[in-house]
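Chemist: I need the structure of the sequence given here:
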Amino acid sequence: MVRQAAMTVKCMLLMYYKNSRGRNYRRQGQMLTLVEYLLLLYRALLPTPVWYRFFLNKEYGSLFSSLTTGLYLTFKLTSVVEKVQSFLSAVKALSRKDVHYGSYATVEQVKRSFVLKCLN
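Modeler: Numbering: from 1, shown residues only. Below you'll find the predicted structure:
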């Protein structure tokens, strides 16, 4: 159900950007990326309560259930942190006016390239 709702939102975004003047493809891609990362974050968080209760079942002993629950929550937290970072970077990219590709050069890299230019 959530996949269909996300697909509907994406189709509406595509129709909106198709009918707008100037056809801003970069903004369109950023919006679609934002919707996709939001969907991935939601899908990562959705089954957490169900699996938490399943692993907390004390049928196999409280130590085993505590251990499996702790491992599950640890792995889930690490995956959710990555998805939150991706979502926040998509929001950050959408909010910026200028486009930033790659990373800035360090001082050592600039000096090295200057020295190489001077030698050639």
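
Chemist: Could you find the closest non-adjacent residue to residue 80?
Modeler: Take residue 80 and drop its neighbours on the chain: the residue closest to it by Cβ to Cβ, 6 or more residues apart in numbering is residue 44, 5.4 Å away. For the C-beta atoms, the positions are set from N, CA and C on the backbone; glycine is no exception.

Chemist: And that neighbour, its phi and psi?
Modeler: Main-chain torsions, residue 44, degrees, to the nearest 10: phi -80, psi -30.

Chemist: how close does it get to residue 84?
Modeler: Noted for residue 44: a distance of 9 Å to residue 84, by Cβ to Cβ, to the nearest Å.

Chemist: What is the neighbour count of residue 37?
Modeler: Residues near residue 37, counting by other Cβ atoms under 10 Å, number 19.

Chemist: which one is it nearest to, not counting chain neighbours?
Modeler: residue 87 (4.3 Å).

Chemist: give me every residue that touches that neighbour.
Modeler: Listed by Cβ atoms under 8 Å, 6 or more residues apart in numbering, the contact partners of residue 87 are 34, 37-38, 40-41.

Chemist: Give me the secondary structure label for it.
Modeler: Following DSSP: H, G, I helix; E, B strand; the rest coil, the label given to residue 87 is helix.

Chemist: where does it land on pLDDT?
Modeler: What the model reports for residue 87 is a pLDDT of 92.

Chemist: From residue 38, how far out is it?
Modeler: The value you get for residue 87 to residue 38, if Cβ to Cβ is used, is 6 Å.

Chemist: Closest one of the contacts of residue 87 to residue 109?
Modeler: Relative to residue 109, the closest of these is residue 37; by Cβ to Cβ it sits at 30.5 Å.
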